[in-house]
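K.L.:
Show me the folded form of this:
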Amino acid sequence: MPAFGDSAADRVRRASDIAEVVGETVALKRRGRKLFGLCPFHGEKTPSFSVDPEQQLFYCFGCHKGGNVFTFVMERDHRTFPEALRYLAERAGIALDGAVPEGAGAGRRDRLYRLLSELQGYYREQLSHHREALAFLQRRGLDVDSVEEWGIGFAPAEWTAAVGFLRRRRYNEREMTEAGVAAVRPQGGVYDRIRGRITPRALTRVSPFAVPVLLEIGRETVASAADALMEESADELIAEAMRLDPAVATA
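P.N.:
Numbering: from 1, shown residues only. As a prediction, the model looks like this:
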């Protein structure tokens, strides 16, 4: 039986507009360049669930769930990745050649996307409580609307803030290190790579951490994360980060 490749998952993802898929069960209203509605994953009266049609991602500011169209279907319908893939393929009229095995590369990549999206959501929440970081952004000419539009956050200056958050979200240490947001301690365990830094969401589709990772630890980890997510090369990440912040050139 022919093996199922990532290219088929990519075709399904491109054919499945996240706003349309989410809109099947969530009433969305446009607010700026994003769409907002009541979160389908937890009870709320004020809409905190956002959909970014440009980035093809969703995120809830209340329960911190986020990801792409595959993640949404998995969470909404309690499906595995292969089941979500089959559902969206059928919806888009795309025939899948061969089997869709558990643990496919696209499923692993999707989970890393989810990890990064949820962690950046955590950083965005942290920014709202950090006056010094907010003042820094204002000095850089970024008002509240700009901060929201760019998805900017702040990584606390702690050794295990992100690691603790991700553990509560049931991610394991291997996933944290593969995503480039945690490092292994010589004595065992992991710690946050990104500490005390503004965390801009990069304009690439790979990682919201391209800029701070480059500033904090240099090229090596970005190359590793780019390889794990299999979307863009480290060189492209570096070029984008340098465009956003010239300080990267000396990282």
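K.L.:
so M74 makes contact with F81?
P.N.:
Yes - counting by CB atoms under 8 Å, M74 does reach F81; the two are 6.3 Å apart. Every residue, glycine included, has its C-beta placed from N, CA and C.
K.L.:
what's near enough to touch F61?
P.N.:
48-50, 121, 124-125 (CB atoms under 8 Å, 6 or more residues apart in numbering).
K.L.:
Please pick the buried ones from those.
P.N.:
By neighbour count, with 16 or more other CB atoms under 10 Å, the contacts of F61 hold 48-50, 121, 124 as buried.
K.L.:
mind listing what's buried in stretch 168-181?
P.N.:
Neighbour-count burial for stretch 168-181 flags 171, 175-181 (criterion: 16+ other CB under 10 Å).
K.L.:
swap in stretch 59-67?
P.N.:
So stretch 59-67, judged by 16+ other CB under 10 Å, has buried residues 59-67.
K.L.:
how about TSV for those, with distance to A157, pLDDT and secondary structure added?
P.N.:
Formatted as TSV, the buried residues of stretch 59-67 follow (distance: CB to CB, whole Å; pLDDT from 0 to 100; DSSP: H, G, I helix; E, B strand; the rest coil):
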residue	distance to A157	pLDDT	secondary structure
Y59	24	85	strand
C60	26	87	strand
F61	23	84	coil
G62	26	84	coil
C63	26	84	coil
H64	21	77	coil
K65	26	81	coil
G66	24	79	strand
G67	27	79	strand
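K.L.:
Closest one to L35 out of those, please.
P.N.:
Lowest distance from L35 to the buried residues of stretch 59-67 (CB to CB) belongs to Y59, with 11.4 Å.
K.L.:
Could you double-check that the closest one lies in contact with R114?
P.N.:
No - judged on CB under 8 Å, Y59 makes no contact with R114 at a distance of 10.3 Å.
K.L.:
Quick check: neighbours shared by those two?
P.N.:
With CB under 8 Å, 6+ apart, Y59 and R114 have common neighbours G66.
K.L.:
show me where the stretch 51-200 of the chain has strands.
P.N.:
Ranges of strands in the stretch 51-200 of the chain, per DSSP state E, counting those that start in this stretch, are 57-60, 66-67, 153-155, 182-184, 190-192, 197-199.
K.L.:
partners of the first one in the sheet?
P.N.:
Paired neighbours of strand 57-60 in the sheet (DSSP bridges): strand 49-52 (antiparallel), strand 66-67 (antiparallel).
K.L.:
how about a markdown table for these, with distance to R195 added?
P.N.:
Converted to a markdown table, the strands paired with strand 57-60 look like this (distance: least, CB to CB, whole Å):
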| stretch | distance to R195 |
| --- | --- |
| strand 49-52 | 27 |
| strand 66-67 | 22 |
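K.L.:
To A9, which of those strands lies closest?
P.N.:
Closest to A9 of these, according to CB to CB: strand 66-67, at 13.8 Å.
K.L.:
hmm, who's touching that closest one?
P.N.:
Contacts for strand 66-67 (CB under 8 Å, 6+ apart): 57-60, 75, 110, 113-114, 117-118, 120-121.
K.L.:
nearest to A19, of those?
P.N.:
The closest of those, once distances to A19 are taken by CB to CB, is F58, at 9.1 Å.
K.L.:
Excluding sequence neighbours, find me the nearest residue to the closest one.
P.N.:
Spatial nearest neighbour of F58, chain neighbours left out: V51 (4.9 Å); criterion: CB to CB, 6 or more residues apart in numbering.
K.L.:
The one you found pairs with what?
P.N.:
L35, F58.
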